[in-house]
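*Asks:* could you work out the structure for the sequence below:
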Amino acid sequence: MANAPKNIGEIYAERAMSVQPEGIVPLESSPRVRTPAPLSQPDPAIYGGTMPPPSSQVEFNRQTLAAKNKVVKTRKQSPFNLMLTMFAVAVAIVLYVGNVIAVQQLLKDVSDKQAQLQQILNEQEMLKAQINRMSSLERIRKMAEDDLGLHNPKGSPQWIQVDGNKIQEIEQ
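*Replies:* All right, here's what the predicted structure looks like:
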């Protein structure tokens, strides 16, 4: 079974159980003390993974300075794109202002129509009141008595007998 492949956990367990060299204290006997993190972090090395790490400090500094001082090129805006954008914004503003003006005009028209409707309703109410006043029974009776000379009969109504011969004579 010594030749059987071991997983990483078994390998670490064997290392932990083996005799520790001098100066190294096993984890069980070391006190748990937090050590403060260093205040300044060392500059990270820029390494892309395709080149071997630099052999000297001078070469390392040259590579890091070259990477840090790399000029970032910004893309210039095309004048055509700028003018096209400005034209599109101007058209949008003109359409928006035109829409606002149209809405204001419609609101004014609605307000005018409501005022006209209210005026017509007031005139209609005045005409109804005039009709009621003109068709009152007292007014009609007074006009019949004064202008036409009509009076209510004082006695009970009487039946009139009309002879059929007289009607034929009148018709001829």
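
*Asks:* state the mean pLDDT of stretch 99-109.
*Replies:* Stretch 99-109 comes out with an average pLDDT of 97.

*Asks:* and what of stretch 154-172?
*Replies:* Per-residue pLDDT over stretch 154-172 has a mean of 84.

*Asks:* which positions in that stretch come out as buried?
*Replies:* Residues of stretch 154-172 include none that count as buried (16 or more other Cβ atoms under 10 Å). Every residue, glycine included, has its C-beta placed from N, CA and C.

*Asks:* got the end-to-end distance for that stretch?
*Replies:* Stretch 154-172 has an end-to-end distance of 36 Å (Cα to Cα, to the nearest Å).

*Asks:* stretch 131-146 now?
*Replies:* Its start and end residues considered, stretch 131-146 measures 21 Å (Cα to Cα).

*Asks:* residue 93 - how many residues pack around it?
*Replies:* 10 (other Cβ atoms under 10 Å).

*Asks:* check which helix or strand it maps to.
*Replies:* helix 79-134 (DSSP states H and E).

*Asks:* name the helices or strands packed onto that helix?
*Replies:* Helices and strands touching helix 79-134, by 3 or more Cβ pairs under 8 Å, 6 or more residues apart in numbering; DSSP states H and E: there are none.

*Asks:* looking at this structure, which helix or strand is least sure?
*Replies:* Of all helical and strand segments in the chain, the minimum by mean pLDDT, DSSP states H and E falls on helix 57-68, at a mean of 61.

*Asks:* for the protein, give me the ranges with low pLDDT.
*Replies:* Under the criterion pLDDT under 70, the flagged ranges of the chain are 1-5, 19-72.

*Asks:* give me the contacts around the helix or strand just after the helix holding residue 93.
*Replies:* Per DSSP H and E, the first helix or strand lying C-terminal to helix 79-134 is helix 137-143. The set of residues external to helix 137-143 that reach it, using Cβ atoms under 8 Å, 6 or more residues apart in numbering, is residue 133.
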